[in-house]
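Trainee: I'd like to go over a predicted model; first the sequence, then the structure.
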Amino acid sequence: AKAQEMGGLDLILVNPNSDPPVCKIVDYSKYRYMQEKKAKEIKKNSKATEIKEVKMSYKIDIHDYEVRKKSARKFLTQGNRVKCSVMFRGREVQHDKLGFDLLDKLATELEDVCVREGRPKREGRNLAVIISPRPEVLKQVNDNRRAEERAKKKQKLAAKEQKAAAAAAASTTGVAVNSSVSSGIDIDSGDEGNELLDIEADIESSLDDLFGSDDLTDDLFS
């Protein structure tokens, strides 16, 4: 009843699990629009997390290990989860303890950018552990993505403004050219009139020379 008194608003249940339940008096159409807009914004800014994989042997040398660690760090800083796998061949599976130690070492050295999703697990002949980016890393990735989107929007807006300015300049130039052409036509028309007057004057002068200039002749040819 109070919602109706406030101008035909609606009563929205926000949190039914609280005691007492939390409600809100709003315009339902506007509330629904804002919720849909918020959901679209979250979907736009969120990227589906990919799982990258780094494979190695328990007998890996130092250089190759550093290369795998560098790749895993790059994937994590891009916001991706990483699956670290240690592969065994044949009887090498009996040295699985070395595989566990290698995965623990890798996760420990990357703990500044990742968190482990549980302990290493056996997958057939392989051992694997999944590591995920830390929340602060994901936040930085999302901030960078939003900054790139804003920069792209600014570039598009600047391009549109430049295009509009160029079109306005071209329109102004066309008007100036048309004015010049019109002025030229008027000048030409004046010149033609002056030429006709000069011809008439020449004819009158020729008649005066032929018949002489007196009042009777002037009345005759006027």
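Mentor: Alright, I've got the coordinates. Everything numeric here is computed off the predicted structure, so don't read it as measured data.

Trainee: so, low pLDDT: which residues of the chain?
Mentor: For the chain, residues meeting the criterion pLDDT under 70 lie at 1-8, 41-49, 174-222.

Trainee: which residues in it form strands?
Mentor: 10-15, 22-26, 51-57, 81-87, 114-116, 121-123, 126-133 (DSSP state E).

Trainee: give me the most central residue, the chain.
Mentor: What sits nearest the mean C-alpha location of the chain, by CA atoms, centre = their mean, is residue 152, with 3.9 Å.

Trainee: measure it to residue 141 for me?
Mentor: From residue 152 across to residue 141, the span is 17 Å (CB to CB, to the nearest Å). Using the backbone N, CA and C atoms, a C-beta is placed for each residue, glycine as well.

Trainee: got it, and residue 12?
Mentor: Taken as CB to CB, the span from residue 12 to residue 141 is 34 Å.

Trainee: how about residue 116?
Mentor: In terms of CB to CB, residue 116 sits 19 Å off from residue 141.

Trainee: repeat that for residue 147.
Mentor: Taken as CB to CB, the span from residue 147 to residue 141 is 11 Å.

Trainee: so between these two, which is more surrounded?
Mentor: Neighbour count, other CB atoms under 10 Å: between residue 147 and residue 141, residue 141 has more, with 17 against 10.

Trainee: what's near enough to touch residue 102?
Mentor: With contacts defined as CB atoms under 8 Å, 6 or more residues apart in numbering, residue 102 is in contact with 56, 58, 60, 86.

Trainee: which parts of stretch 139-149 are buried?
Mentor: residue 141 (16 or more other CB atoms under 10 Å).

Trainee: again, but for stretch 107-123
Mentor: With the criterion 16+ other CB under 10 Å, stretch 107-123 contains buried residues 107, 110, 113, 114, 116, 120.

Trainee: could you do stretch 55-75 as well?
Mentor: Buried residues in stretch 55-75 (16+ other CB under 10 Å): 56, 57, 58, 60, 65, 68, 69, 72, 73, 75.

Trainee: what's it in contact with?
Mentor: Here stretch 55-75 makes contact (CB under 8 Å, 6+ apart) with 52, 54, 82, 84-88, 92, 95, 98-99, 102, 106, 109-110, 113-114, 131.

Trainee: give me the buried entries from the residues you listed.
Mentor: Buried subset of the contacts of stretch 55-75 (neighbour count, 16+ other CB under 10 Å): 54, 82, 84-88, 92, 98-99, 102, 106, 110, 113-114, 131.

Trainee: which pair in those residues spans the largest distance?
Mentor: 92 and 113 (30.0 Å; CB to CB).

Trainee: end to end, how far does stretch 20-36 reach?
Mentor: 27 Å (CA to CA, to the nearest Å).
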